[in-house]
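[1] Build me a structure from this.
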Amino acid sequence: MPSIQSLTMTYDALNDDDTFSEGDTLTGKVTLALLKETTVESLVVKAKGDADVHWTKKSGDNTHTYHAHKRYFKLKQCLIKADTQDTVVPKGIHIYKFSINIPPGSLPSSFKGTHGKIVYKLEAKLSRSWRMDRTVEKDIRFVSKSYPNLHALMLPQGASTKKEMGFFSKGHVDMDVTVDKSAYAQGETMAILAKIKNSSSSEMTPKFSLIQEVVYRANSNTKRETSFIHKVVDHCIKSRTQKDVRFAIQIPRVQMPSIQNCDIISVEYHFKAYLDISFAFDPEIIFPVVIIPADLDSGRQPAVSGGPYPAGAAGGQSNSDFPASVAFMGSYPVSPRSGSYRYPGAQRYSAPPPAYPDNPLVYAAPPAVSPAQPANMSRGFNNPVPQLDSPYGSPYLSSFSVIHPPPTAPTFQPPPSAPSPFPPPFSVSQRAPAYNLLPSAPMMNTDFLSQSDEAPPAYSLLFPSSATDTSNAK
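    Residues are numbered from 1 along each chain as shown. Just a heads-up that it's a prediction; the model follows:
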């Protein structure tokens, strides 16, 4: 009689399209139904992202095989840890919850083609001694949101071409084509304007097409697949005439987004406009096109500081609690009144600074003078650092009872806060010692008010001569 009745796995959807992107969290549960008590070595859940390409090329009697593999991540969470002793799981239904974070960064979207694929999947594996492993897998649909320079792709693009006619015709033809932008979301519409001036003796037909090109790479070789997404053929342009062609192309809602961040598989799009001329080379213009996911809001991009200045500089909006006089202006803070350079955050007080209980005296140093360092200094930061909540929170709470709680999520300590750009005030915890001044004259202890009216003593008595005067006057 088998001991395992079933092993199933489900995951929680984050949106209506059931897609995941960089930085998302995969949560779900693994259900193990046992018909009797079973000894288990381990039960793990893995999340993997891999890209593979494979094709063969026949040259004469030889067949060459090209293959390449790229792994983006492999994460594992143990629901029943492998230990020195096996774990005995009783009979019944056991539910184990898991939570795995997809790494941030640039990851390609899921893709399946003729010669390669990019696959993201979840795998639950139950291991037992002297038994084959029991495994269940589920593919997850991954949609990348990594499209650098998206703002630049929203600008219009245009080009022109001119062709001189050859042997069968005379004159020339000019064509100017403008496309409203380079990046389009799934389901969005392209707006195209083509100005054609036929100054030749031939007739020509304008044609336009949106083309998809998939490129597979392996062992310094490439394999290309080209398909047409949309084609437009306009009316013929007569000789010695000119015409403006305006039309729109809608991107299919199920169209594969562009893949530009995979080394072995790329999905590229381009728009081609050309003139079909009989007995002549067709002049053409090609524009690159990027198709992005429909839910990627191109209008919201992270704020970028203009130049090497911090946010809020030069009169911009600032979140600082300091007055405007200490705002940064350029690379160095400048006083708006005097225009002189000074230290960041140096405030000028019109009244003495307040005294703190732990620091009796607080001195504000002048901008250009560095005070002497006392023996006991305090940085004066009395506010504790706010403690952040755990990024995992409590992901394991649900409406039904859980027989086996999930493994404890690792606790991440918040990173240390960056040092403040403003120097702290200097706080002296004890007074500097007083210095004894050197006396400039001997101290007089005589009380002159209590003296009598007697005549002062003779000078010779007070200052007797140190040597006998000898006079040799002649």
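[2] Quick one: list the elements packing against the strand or helix carrying I196.
    Using DSSP states H and E, I196 sits within strand 189-200. Judged by 3 or more C-beta pairs under 8 Å, 6 or more residues apart in numbering; DSSP states H and E, the packing partners of strand 189-200 are strand 171-179, strand 204-218, strand 241-250, strand 265-277. The way it works is simple: take the backbone N, C-alpha and C, and place the C-beta from them, glycine included.
[3] now the first one: mean pLDDT?
    Think strand 171-179. Mean pLDDT, strand 171-179: 94.
[4] Next secondary structure after it?
    strand 183-185.
[5] what sits up against that following strand?
    Here strand 183-185 makes contact (C-beta atoms under 8 Å, 6 or more residues apart in numbering) with 147, 150, 153-154, 190, 251, 289-294, 296, 298.
[6] Need these in a markdown table (columns: distance to R217 and pLDDT).
    Formatted as a markdown table, those follow (distance: C-beta to C-beta, whole Å; pLDDT from 0 to 100):
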| residue | distance to R217 | pLDDT |
| --- | --- | --- |
| Y147 | 21 | 90 |
| L150 | 25 | 88 |
| L153 | 24 | 91 |
| M154 | 29 | 92 |
| M190 | 28 | 95 |
| I251 | 26 | 95 |
| V289 | 21 | 96 |
| V290 | 20 | 95 |
| I291 | 20 | 96 |
| I292 | 23 | 94 |
| P293 | 24 | 93 |
| A294 | 28 | 88 |
| L296 | 26 | 79 |
| S298 | 29 | 44 |
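[7] from these, which single one is nearest T38?
    The shortest approach to T38 among those belongs to P293, at 43.8 Å (C-beta to C-beta).
[8] Number of residues surrounding the closest one?
    P293 has 18 neighbouring residues, counting by other C-beta atoms under 10 Å.
[9] for L153, phi and psi?
    Backbone geometry at L153, expressed as degrees, to the nearest 10, gives phi -80, psi -10.
[10] Am I right that it is in contact with D180?
    No. Using C-beta atoms under 8 Å, L153 makes no contact with D180, being 11.4 Å away.
[11] Tell me how this structure divides into domains.
    Domains of the chain are assigned by automatic domain parsing as 4-142, 152-292, 311-349.
[12] how about a markdown table for the ones you listed, with mean neighbour count added?
    Output for those, formatted as a markdown table (neighbours: other C-beta atoms under 10 Å):
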| stretch | mean neighbour count |
| --- | --- |
| domain 4-142 | 16 |
| domain 152-292 | 16 |
| domain 311-349 | 13 |
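[13] avg pLDDT for stretch 32-44?
    For stretch 32-44, mean pLDDT is 93.
[14] Could you shift the numbering so residue one becomes 32, and keep it that way?
    Fine by me, first position is 32 from now on; the one you just mentioned is stretch 63-75.
[15] Let's see it as PDB, backbone CA atoms only.
    Taking Å, rounded to 0.1, in the frame of the first residue of the first chain, the C-alpha atoms of stretch 63-75 are listed here in PDB:
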ATOM      1  CA  LEU A  63       0.900  16.600   1.400                       C
ATOM      2  CA  ALA A  64      -1.700  13.900   1.900                       C
ATOM      3  CA  LEU A  65      -0.500  10.700   3.600                       C
ATOM      4  CA  LEU A  66      -2.300   7.400   3.900                       C
ATOM      5  CA  LYS A  67      -0.100   6.300   6.800                       C
ATOM      6  CA  GLU A  68       2.700   7.400   8.900                       C
ATOM      7  CA  THR A  69       5.700   8.200   6.700                       C
ATOM      8  CA  THR A  70       9.400   8.800   7.200                       C
ATOM      9  CA  VAL A  71      10.600  11.800   5.200                       C
ATOM     10  CA  GLU A  72      14.100  13.100   4.500                       C
ATOM     11  CA  SER A  73      13.200  16.600   3.300                       C
ATOM     12  CA  LEU A  74      10.500  18.700   1.600                       C
ATOM     13  CA  VAL A  75      11.800  21.700  -0.300                       C
END
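[16] wait, what's in contact with A183?
    Applying C-beta under 8 Å, 6+ apart, the residues near A183 are S213.
[17] Give the ranges of residues in this protein that sit below the confidence cut-off.
    32, 115, 328-505 (pLDDT under 70).
[18] Make sure K194 is actually in contact with P314.
    Yes. Using C-beta under 8 Å, K194 is in contact with P314, at 4.2 Å.
[19] so who does the nearest residue to P187 once chain neighbours are set aside touch?
    Closest residue to P187 apart from its sequence neighbours, by C-beta to C-beta, 6 or more residues apart in numbering: D211 at 5.5 Å. Residues near D211 by C-beta under 8 Å, 6+ apart: P187, M221, A222, I223.
[20] if you skip the residues just before and after it, what's nearest to the second one?
    Read it as M221. In space, M221 is closest to I280, 4.5 Å off (C-beta to C-beta, 6+ apart).
[21] what do you get for V264?
    In space, V264 is closest to K238, 5.3 Å off (C-beta to C-beta, 6+ apart).
[22] again with P324
    In space, and not counting its chain neighbours, P324 is closest to V174: 5.0 Å by C-beta to C-beta, 6+ apart.
[23] Just give me the neighbour total for that neighbour.
    V174: 20 neighbours (other C-beta under 10 Å).
[24] For P314, see how far away it is.
    Distance, V174 to P314, by C-beta to C-beta, to the nearest Å: 38 Å.
[25] just V245 next, same as before
    Applying C-beta to C-beta, the value for V245 to P314 is 27 Å.
[26] Please apply the same query to V276.
    Separation of V276 from P314 (C-beta to C-beta): 14 Å.
[27] That'll do, ta.
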